[in-house]
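S.K.: need a 3D model of the sequence below.
(one chain, ligands or ions: 1)
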Amino acid sequence: MSAAPVSTSEASGDHTPDHIAIIMDGNGRWAKARGLPREAGHERGVEALRRTIEAAGDLGVRRLTVFSFSTENWRRPVSEVTALFGLLRAYVKRDLARLKREGVQVRIIGNRAGLPPDIAELVKRAEEETAHNERFFLTIAFNYGGREEIVRAVSSLAEDVAAGRVAPSEINENTIESRLDTSGWPDPDLIIRTSGEYRISNFLLWQIAYSELVFVDVLWPDFTIEHLKDALETYAARERRFGAVATGTA
Ligand code: FPP
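M.R.: Numbering: from 1, shown residues only. The predicted model follows:
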């Protein structure tokens, strides 16, 4: 039996994706084109994120996962890394009350061990205070890498095997999925990457096995509800087969 690439939207025959994941790329280029520091692009990126959360909810999407800081982003200048951490801190502080009121459940995925203690505490609080919300699910991938997540999952499983709590014969897709940061959640139906780049960049490697990919040629700070609508239309026109044959094929 395979781990659930559960797609609520496909199961219901609805062509609106239940779960969208976005690689918010192009902040640096947006800033450079205006002679601004890269950090200014990330600040405008937060505005685009706020717009997108609201628009996604209005358009019937229930889950949104965004890539905010990758395990590879540590290679950037310290000033930029500091700014990105500061933006997460500011975002949670400023938006938490509204997200709570609007029924948004917030979760953070990624390696928490690398987070400064105050941010770790802040995201824990955001998760606890919104845990009962079920109108919309926002996941922020921060200090996240798809390979790193799989390594942590496999390593925790290996510890259980070594301790005799899990038999090697019990290892299957479900046991690995159950140790991922996203355990138990539906996989993304649609991945959107902005900025005209055609890469996955270590985002949700396990979870996107059957996701549809849409690449949008706009820098993230300029991403609008119209771009989102276009991506949803592109998605709606796709036929997802999950390895089976096309419907109507003899
Ligand atoms: C990629 O653009 C974007 C990032 C590495 C960071 C994305 C972060 C945000 C949109 C804001 C943070 C939001 C929260 C909630 C913390 P890039 O910098 O690689 O752009 P470039 O390819 O043009 O240089």
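S.K.: sec struct for the residue nearest the centre of the chain, please.
M.R.: Nearest to the mean C-alpha position of the chain, counting by C-alpha atoms, centre = their mean, stands Thr65 at 2.7 Å. Following DSSP: H, G, I helix; E, B strand; the rest coil, Thr65 is assigned to strand.
S.K.: alpha carbons of the longest helix belonging to the chain, in CSV - could you do that?
M.R.: Once the chain is assigned using DSSP state H, the helix that runs over the most residues is helix 78-101. Output in CSV follows, covering the C-alpha atoms of helix 78-101 (Å, rounded to 0.1, in the frame of the first residue of the first chain):
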residue,chain,number,x,y,z
VAL,A,78,24.5,37.4,6.8
SER,A,79,22.6,40.6,6.3
GLU,A,80,20.0,38.9,4.0
VAL,A,81,19.7,35.9,6.3
THR,A,82,19.1,38.2,9.2
ALA,A,83,16.5,40.1,7.3
LEU,A,84,14.6,36.9,6.3
PHE,A,85,14.6,35.8,10.0
GLY,A,86,13.4,39.3,10.9
LEU,A,87,10.6,39.1,8.4
LEU,A,88,9.3,35.8,9.8
ARG,A,89,9.4,37.3,13.3
ALA,A,90,7.6,40.4,12.2
TYR,A,91,5.1,38.5,10.2
VAL,A,92,4.0,36.3,13.0
LYS,A,93,3.9,39.1,15.5
ARG,A,94,1.9,41.4,13.2
ASP,A,95,-0.5,38.9,11.6
LEU,A,96,-1.1,36.3,14.2
ALA,A,97,-4.1,37.9,15.8
ARG,A,98,-5.8,38.4,12.3
LEU,A,99,-4.9,34.9,11.2
LYS,A,100,-6.5,33.5,14.4
ARG,A,101,-9.6,35.6,13.9
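S.K.: if you count contacts, what does the helix or strand following it end up packed against?
M.R.: Following helix 78-101 in sequence order, the next helix or strand is strand 104-109 (DSSP states H and E). If you count contacts as 3 or more C-beta pairs under 8 Å, 6 or more residues apart in numbering; DSSP states H and E, strand 104-109 packs onto helix 78-101, helix 117-130, strand 136-144. For glycine as for every other residue, the C-beta is placed from the backbone atoms N, C-alpha and C.
S.K.: turn those into JSON lines, columns for mean neighbour count.
M.R.: Compiled in JSON lines, the helices and strands packed on strand 104-109 are given as follows (neighbours: other C-beta atoms under 10 Å):
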{"stretch": "helix 78-101", "mean neighbour count": "15"}
{"stretch": "helix 117-130", "mean neighbour count": "15"}
{"stretch": "strand 136-144", "mean neighbour count": "23"}
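S.K.: of all those, which lies closest to the ligand?
M.R.: helix 78-101 (3.7 Å; C-beta to the nearest ligand atom).
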